[in-house]
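Trainee: build me a model from this:
(one chain, ligands or ions: 2)
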Amino acid sequence: MKKTDSQMLIIFGASGDLTARKLIPALFNLYIAEQLPDNFVVLGASRSNLSDEEFRGKVVYDSTYLKEKIKELDKKQVEDFANKLFYEDLGDDYASDYEGLSKRIETLNDSHDTEHNYMFYLSTPPSIVETVAKNLSEYNLNDESKGFKRLIVEKPFGYNLETAKNLNNGLQQYFKEPQIYRIDHYLGKETVQNLLVTRFSNSIFEPLWNRNYIHHVEITNAESVGVEKRGGYYDKSGALRDMFQNHLLQIVSLVVMEPPIGDQPEEIRNEKVKALKSLRVMRDEQTLFNNTIRAQYVSSEIDGEKVKGYREEDGVDPNSTTETYAAIKFFVDNWRWHGVPFYVRTAKRMPTKVTEVIIHFKTPHHQIFQDSGVNSKDNKLIIRIQPDEGILVKFGVKVPGQGFKVERANLDFYYSSLAQTYVMEAYERLLLDAMQGDATLYARADEVEAAWEFVDPILDYWKNGKDVRMYGYAAGVWGPENADELIDDLGFWRNPGKNLADDPGYCVIC
Ligand SMILES: NC(=O)C1=CN([C@@H]2O[C@H](COP(=O)(O)OP(=O)(O)OC[C@H]3O[C@@H](n4cnc5c(N)ncnc54)[C@H](OP(=O)(O)O)[C@@H]3O)[C@@H](O)[C@H]2O)C=CC1
Ligand SMILES: O=C1O[C@H](COP(=O)(O)O)[C@@H](O)[C@H](O)[C@H]1O
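Mentor: Ligands and ions are numbered 1, 2, ... in the order given. Take a look at the predicted model:
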């Protein structure tokens, strides 16, 4: 196990949703798993007026996210965790507030012996991220002459390529790139990391992982929920910015990348950047018209209950043209992937919550078993990222009896079968990595920019292009029927079920 140094975690935006919903529960789990260092404190900072006790009440004792867990523990343990949390009111006057903050950090450092190791987590609106970094540098809180100073930045990393570059340049004025940790919580998911292990620790997959054997790659990310309480944010973002530019292109980079020379952060990140740079950027309108689909969910009934359409959601413009569904077909311009189409879709208000990567293999070039009865496109490797995490290989077996009738069979592995292994939540894993200075699962500036290079022309076309289509789909179905047009002669999207082994449908309205 790696060593975690004594340190202080300073969370900006500590009165917000993410802190209560993800960050504190992740720290709580790390505490229970005895993964936090002995000398560890959290200092929450926001403009809300809270005392240490009120902050502890909000994010621990009265937290809906910890209620069940707390019940299972003795009072002393909960108290011990809560006593590691402190709060500093920032107000609106940056100069005096940051002076107060820096003094508070110094005092807590002395009382809890955190050795001047500070990790700043920016869980604030994106508009103030650079300002916070600047203020920290003005108070020398970026100075690593005594202890490390790390800056964790939440998504979105910019709104497009230009703003992402500005943000990166802005942050790099105050913190060096190795001090900056851009969090993408999909990289913290165990099964996303397992993509690397599946590919590079097995000699049975990697030799097939190229244009000679792979027919096409399909990635589906579906959520059953709508925009919930985040309509205001989402309406300015949309599916392409919210999920595709970051989480899904990170997954694509792990599927596409060449083998790194080792498992060091920079070795892996260098290969991911190369992979993202090899995505063929679509620039002309006809290509964008043919290869991109966007849509919005419209009101419908799910399990007998009426569900709002996107334009009726709180915080959403009634004439909004923001997409809640995006499906993109693209190619990768390199030796390994030449001519292999990638189909990636993401959406809200689908029939179920699921994320899968499906590698569709080519059929054998000479068909011996003419009456096989198996759909010739059915050789697949399915990597299930969530839920029911696991891996499934679909292959042909002989049906017992005369002749050579072939049927499809499954070879499967489920993470749940590793009963005694504790699988960390994404935020737990990522926080622990950052605490230990391991940036492998964090996005580097050039990765983020390479992803925007690919996404920018699509966004631009959707905003300004001629003949741009916006389809509707009833909340609770697998998107617009027109999305099938993207798949050409290859068949249909695989519409997965709740469980990995469910044999799913392949049509939109079922
Ligand atoms: N919530 C989620 O599920 C996810 C969120 N994110 C990202 O995480 C970040 C935080 O999200 P979320 O918690 O939902 O947002 P919220 O709007 O719930 O919280 C943001 C917090 O920032 C604080 N804040 C605002 N201005 C300042 C300031 N000048 N200085 C310090 N704090 C300030 C606000 O508190 P106060 O008014 O008290 O200062 C508020 O508590 C965003 O960048 C978001 O995109 C990413 C993925 C998922
Ligand atoms: O970053 C985001 O991710 C969530 C989906 O995350 P998951 O871990 O539940 O798959 C998404 O709902 C949200 O809109 C987006 O901002």
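
Trainee: domain ranges for the chain?
Mentor: Recorded structural domains for the chain (assignment: automatic domain parsing) are 7-154, 187-422+444-490.

Trainee: closest to Q179 out of those?
Mentor: Nearest to Q179, of all the domains of the chain, is domain 7-154, at 5.5 Å by C-beta to C-beta. To be clear about C-beta, it is placed using only N, CA and C from the backbone, and glycine gets the same treatment.

Trainee: does any part of that closest one sit near ligand 1?
Mentor: Yes: contact of domain 7-154 with ligand 1 (C-beta under 6 Å from any ligand atom) involves 12-13, 15-18, 46-48, 90, 123-126, 128, 154.

Trainee: looking at the helix or strand encompassing I152 now, give me its mean pLDDT.
Mentor: In this structure, I152 sits in strand 149-153 according to DSSP states H and E. What strand 149-153 shows for mean pLDDT is 98.

Trainee: for the following helix or strand past it, C-alpha coordinates in CSV please.
Mentor: Downstream of strand 149-153, the first helix or strand assigned by DSSP H and E is helix 161-174. Only the C-alpha atoms of helix 161-174 are listed here, as CSV (Å, rounded to 0.1, in the frame of the first residue of the first chain):
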residue,chain,number,x,y,z
LEU,A,161,-11.4,24.8,-26.9
GLU,A,162,-10.7,28.5,-26.5
THR,A,163,-12.0,28.8,-22.9
ALA,A,164,-10.3,25.5,-22.0
LYS,A,165,-7.0,26.9,-23.2
ASN,A,166,-7.6,30.1,-21.3
LEU,A,167,-8.4,28.2,-18.2
ASN,A,168,-5.3,26.0,-18.5
ASN,A,169,-3.1,29.0,-19.2
GLY,A,170,-4.7,30.9,-16.3
LEU,A,171,-4.2,28.1,-13.8
GLN,A,172,-0.7,27.5,-15.0
GLN,A,173,0.2,31.1,-14.1
TYR,A,174,-0.3,30.2,-10.4
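
Trainee: what residues sit buried inside helix 161-174?
Mentor: Neighbour counts over helix 161-174 (16 or more other C-beta atoms under 10 Å) mark L161, A164, L167, N168, L171, Y174 as buried.

Trainee: pretty sure the third one contacts F157?
Mentor: By that I understand L167. Yes: counting by C-beta atoms under 8 Å, F157 is a contact partner of L167 at 6.2 Å.

Trainee: what secondary structure does the closest residue to I391 other than its chain neighbours sit in?
Mentor: Computed as C-beta to C-beta, 6 or more residues apart in numbering, the closest residue to I391 that is not its neighbour in sequence is F413, at 4.8 Å. What DSSP: H, G, I helix; E, B strand; the rest coil gives for F413 is strand.

Trainee: so what's F413 up against?
Mentor: By C-beta atoms under 8 Å, 6 or more residues apart in numbering, F413 lies in contact with G390, I391, L392.

Trainee: if we can go back for a sec, widest-spaced pair of the buried residues of helix 161-174?
Mentor: Spanning the widest gap among the buried residues of helix 161-174 are L161 and Y174, at 21.5 Å by C-beta to C-beta.

Trainee: quick check, pLDDT for the most centrally placed residue in the chain.
Mentor: Compute the mean C-alpha point of the chain, and by C-alpha atoms, centre = their mean the closest residue is Y186, 2.9 Å away. Note on Y186: pLDDT of 96.

Trainee: so it makes contact with V192?
Mentor: Yes: in this structure Y186 lies within contact range of V192 using C-beta under 8 Å: 5.5 Å.

Trainee: shared neighbours, these two?
Mentor: Residues touching both Y186 and V192 (C-beta under 8 Å, 6+ apart): Q250, I251, I385.

Trainee: just the element for L36, please.
Mentor: Here L36, judged by DSSP H and E, is contained in no helix and no strand.

Trainee: surely it meets L27?
Mentor: Yes: applying C-beta under 8 Å as the test, L36 and L27 come out as touching, 7.1 Å apart.

Trainee: what about these two, which has more around it?
Mentor: Between L36 and L27, counted using other C-beta atoms under 10 Å, the more crowded position is L27 (27 against 23).

Trainee: for that one, give its distance to ligand 2.
Mentor: Distance, L27 to ligand 2, by C-beta to the nearest ligand atom, to the nearest Å: 18 Å.

Trainee: tell me the SS of that residue?
Mentor: helix.

Trainee: please renumber so the chain begins at 29
Mentor: Renumbered: residue one is now 29, and that last one reads L55.

Trainee: got CSV for the domains of the chain, with distance to P524 too?
Mentor: Converted to CSV, the domains of the chain look like this (distance: least, C-beta to C-beta, whole Å):
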stretch, distance to P524
domain 35-182, 25
domain 215-450+472-518, 5
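
Trainee: dump the residue contacts of the residue in the stretch 429-538 of the chain that ligand 2 sits nearest to.
Mentor: Nearest residue of the stretch 429-538 of the chain to ligand 2: A454, at 6.7 Å (C-beta to the nearest ligand atom). By C-beta under 8 Å, 6+ apart, A454 lies in contact with H213, Y214, L215, G216, K217.

Trainee: could these be laid out in JSON lines, adding secondary structure and distance to ligand 2?
Mentor: Converted to JSON lines, the contacts of A454 look like this (DSSP: H, G, I helix; E, B strand; the rest coil; distance: C-beta to the nearest ligand atom, whole Å):
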{"residue": "H213", "secondary structure": "helix", "distance to ligand 2": "6"}
{"residue": "Y214", "secondary structure": "helix", "distance to ligand 2": "7"}
{"residue": "L215", "secondary structure": "helix", "distance to ligand 2": "11"}
{"residue": "G216", "secondary structure": "helix", "distance to ligand 2": "9"}
{"residue": "K217", "secondary structure": "coil", "distance to ligand 2": "7"}
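
Trainee: could you find the closest non-adjacent residue to the residue in the stretch 429-538 of the chain positioned nearest to ligand 1?
Mentor: Distances between the stretch 429-538 of the chain and ligand 1 by C-beta to the nearest ligand atom are smallest at Y455, namely 9.7 Å. Distances taken as C-beta to C-beta, 6+ apart put A54 closest to Y455, at 3.9 Å, once the chain neighbours are dropped.

Trainee: so the one you found touches M463, yeah?
Mentor: No: applying C-beta under 8 Å, one finds A54 not in contact with M463, separated by 11.0 Å.

Trainee: and the stretch 229-378 of the chain, which residues reach ligand 2?
Mentor: E251, D270, M271.

Trainee: make JSON lines out of the residues you listed and add secondary structure, pLDDT and distance to ligand 1.
Mentor: As requested, those are exported to JSON lines (DSSP: H, G, I helix; E, B strand; the rest coil; pLDDT from 0 to 100; distance: C-beta to the nearest ligand atom, whole Å):
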{"residue": "E251", "secondary structure": "coil", "pLDDT": "97", "distance to ligand 1": "12"}
{"residue": "D270", "secondary structure": "helix", "pLDDT": "96", "distance to ligand 1": "9"}
{"residue": "M271", "secondary structure": "helix", "pLDDT": "97", "distance to ligand 1": "10"}
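
Trainee: after the helix or strand hosting K334 comes which helix or strand?
Mentor: Using DSSP H and E, the element containing K334 is strand 333-335. Once strand 333-335 ends, the next helix or strand along the chain (criterion: DSSP H and E) is strand 353-358.

Trainee: so what touches that next one?
Mentor: Contact partners of strand 353-358, identified using C-beta under 8 Å, 6+ apart, comprise 266-268, 271-272, 307-308, 310, 318-325, 369-376, 482, 486, 499, 501, 507-508, 511, 514-515.
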